[in-house]
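Asker: Sequence and predicted structure are below.
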Amino acid sequence: MKEEQQHLHHHHHQQRKIITAKKLTRPTAYVLLLLLSYVLGYLSAPSSSSVHSPTAGTASIPTTAGAAVAESDLGHFSVTRRCGDPVPSKLVRQTILDRVFNGTSPFDSFPPQHVSHLLRPKRIKGWGSNGAVFENLIRRVKPRTIIEVGTFLGASAIHMAEVASQLGLKTQIICLDDFRGWPGFRDRFKDIAMINGDVMLLYQFMQNVIHVNATESVLPVPFSTASTLDKLCELGVLGDLIEVDAGHDFNSAWSDINRAYRILRPGGVIFGHDYFTSADNKGVRRAVNLFARLNKLRVQLDGQHWVIDSA
Ligand SMILES: C[S@@+](CC[C@H](N)C(=O)[O-])C[C@H]1O[C@@H](n2cnc3c(N)ncnc32)[C@H](O)[C@@H]1O
């Protein structure tokens, strides 16, 4: 009997211990779990020296080509550690012809027979493409090389070529565009022909350039802006003046501005459209302001354009 009582007592004691343990276990487990996740999070976080921050590249970005690009920038843009040694301005065109067009000019034997009947002698349309900002900056910078990021039918490129020529400058204008426009752009440009889904933007742009007799000063590079800007960095092709007017969403503008600034010649100017227009809601102004703030640069305004002088 006594044994039975002892057993019962022992059993109750055990049960109390289990209940107490259970009571303690839940909140304790929560606290432990919380602590554990903090510790794991802390351990798995990159060290402050490897966190990407555009500011981390501040010192190196303005030095552009030939200078070391901050380690922290590499993951973000996946470009070469260094831009190539700067190509002299007078060799910029030939470098691109050699490295992008197998040494031939895309204007040779233009237009190809199968599209000639689809082109209009001249079809130029842009947005704010003749704004005062172009002449203001060309007068001030006297650029030998202009890089245009986003060209469409060439309205702004042709305007810049005309302004430069009127000012007696020998300026080469490199036009980066995939010449695809954007999905549905033909709703407003039905006259730009399409063959099997291939829109004739590149050819109509080239036809426009031929029409104004600017084939020696304007050269298209018909690929994505990101890959072309990286290629120009690799080749050491720098711009004295760079216009950014391609994708207007935040990510596109952010990528283009950062990549373009990398190949801006020290002392050069980078600028772009749609700081104030409705398109700025898509992200241009946000990207410009963030870029300027992180790199301690000043945004100036000229009409609907933003302008940033290199540091
Ligand atoms: C607003 S238009 C350029 C207008 C031109 N600057 C003007 O004022 O006449 C934008 C151009 O950027 C090009 N574009 C947009 N995103 C691009 C990308 N990721 N790569 C290459 N071109 C792109 C489009 O094909 C389009 O022709």
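Answerer: Thanks, I have it. The structure displayed is predicted, hence computed values, not measured ones.

Asker: and the residue of the chain nearest the ligand?
Answerer: Ranked by Cβ to the nearest ligand atom, the top residue of the chain for proximity to the ligand is residue 126, at 2.6 Å. (Each C-beta comes from the backbone N, C-alpha and C, glycine too.)

Asker: how near is that residue to residue 202?
Answerer: 16 Å (Cβ to Cβ, to the nearest Å).

Asker: Around the ligand, pick out the residues from the stretch 1-150 of the chain.
Answerer: 126, 127, 129, 150 (Cβ under 6 Å from any ligand atom).

Asker: Using a markdown table, please lay out these together with distance to residue 272.
Answerer: Listed next are these as a markdown table, based on distance: Cβ to Cβ, whole Å:
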| residue | distance to residue 272 |
| --- | --- |
| 126 | 13 |
| 127 | 12 |
| 129 | 12 |
| 150 | 8 |
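
Asker: which of those residues are buried?
Answerer: Buried members of these, counted by 16 or more other Cβ atoms under 10 Å: 126, 129, 150.

Asker: name the helices or strands packed onto the helix or strand residue 287 falls within?
Answerer: According to DSSP states H and E, residue 287 maps onto helix 284-294. Helix 284-294 is packed against helix 250-262, strand 305-309, with contacts defined by 3 or more Cβ pairs under 8 Å, 6 or more residues apart in numbering; DSSP states H and E.

Asker: Using JSON lines, lay out the ones you listed together with mean pLDDT, mean neighbour count and distance to the ligand.
Answerer: Shown next, in JSON lines, are the helices and strands packed on helix 284-294 (pLDDT from 0 to 100; neighbours: other Cβ atoms under 10 Å; distance: least, Cβ to the nearest ligand atom, whole Å):
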{"stretch": "helix 250-262", "mean pLDDT": "94", "mean neighbour count": "22", "distance to the ligand": "6"}
{"stretch": "strand 305-309", "mean pLDDT": "97", "mean neighbour count": "22", "distance to the ligand": "10"}
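
Asker: Tell me which of the ones you listed lies nearest to residue 242.
Answerer: With respect to residue 242, and counting by Cβ to Cβ, the nearest of the helices and strands packed on helix 284-294 is helix 250-262 at 4.8 Å.

Asker: Can I get the very next helix or strand once past the closest one as PDB, trimmed to CA atoms?
Answerer: Where DSSP H and E defines the elements, the next helix or strand beyond helix 250-262 is strand 264-272. Extracted as PDB, the C-alpha positions of strand 264-272 are listed here (Å, rounded to 0.1, in the frame of the first residue of the first chain):
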ATOM      1  CA  LEU A 264      31.200  59.500 -68.800                       C
ATOM      2  CA  ARG A 265      34.500  61.200 -69.400                       C
ATOM      3  CA  PRO A 266      35.600  63.200 -66.400                       C
ATOM      4  CA  GLY A 267      34.300  66.700 -66.800                       C
ATOM      5  CA  GLY A 268      31.400  65.400 -69.000                       C
ATOM      6  CA  VAL A 269      27.700  65.800 -68.500                       C
ATOM      7  CA  ILE A 270      24.900  63.200 -68.300                       C
ATOM      8  CA  PHE A 271      21.300  64.200 -68.800                       C
ATOM      9  CA  GLY A 272      17.900  62.800 -69.700                       C
END
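
Asker: Now that residue 132 has come up, it's in contact with residue 301, right?
Answerer: No - Residue 132 is not in contact with residue 301 according to Cβ atoms under 8 Å; the separation is 11.8 Å.

Asker: what about the strands in the chain?
Answerer: 145-149, 172-176, 194-195, 198-199, 218-221, 239-244, 264-272, 300-302, 305-309 (DSSP state E).

Asker: looking at the ones you listed, which is buried most?
Answerer: For the strands of the chain, the stretch with the most neighbours on average is strand 239-244, a mean of 28; neighbours defined as mean count of other Cβ atoms under 10 Å.

Asker: Averaged pLDDT, that strand. What do you get?
Answerer: The average pLDDT for strand 239-244 rounds to 98.

Asker: and that strand with strand 172-176, angle?
Answerer: 30 degrees (axes from the mean of the first three to the mean of the last three Cα atoms, to 10 degrees).

Asker: Pull strand 239-244 out as CSV, backbone CA atoms only.
Answerer: Only the C-alpha atoms of strand 239-244 are listed here, as CSV (Å, rounded to 0.1, in the frame of the first residue of the first chain):
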residue,chain,number,x,y,z
GLY,A,239,31.1,60.0,-73.8
ASP,A,240,31.6,63.7,-73.2
LEU,A,241,27.9,64.1,-73.2
ILE,A,242,25.5,61.2,-72.5
GLU,A,243,21.7,61.4,-72.9
VAL,A,244,19.6,58.8,-71.2
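
Asker: Poorly predicted segments of this structure, please.
Answerer: Within the chain, the ranges that satisfy pLDDT under 70 run 1-81, 277-281.

Asker: mind redoing it with 80?
Answerer: 1-81, 277-282, 311 (pLDDT under 80).

Asker: all helices of it, in order?
Answerer: With DSSP state H as the criterion, the chain has helices at 2-44, 71-77, 92-100, 113-116, 132-141, 155-166, 201-211, 225-235, 250-262, 284-294.
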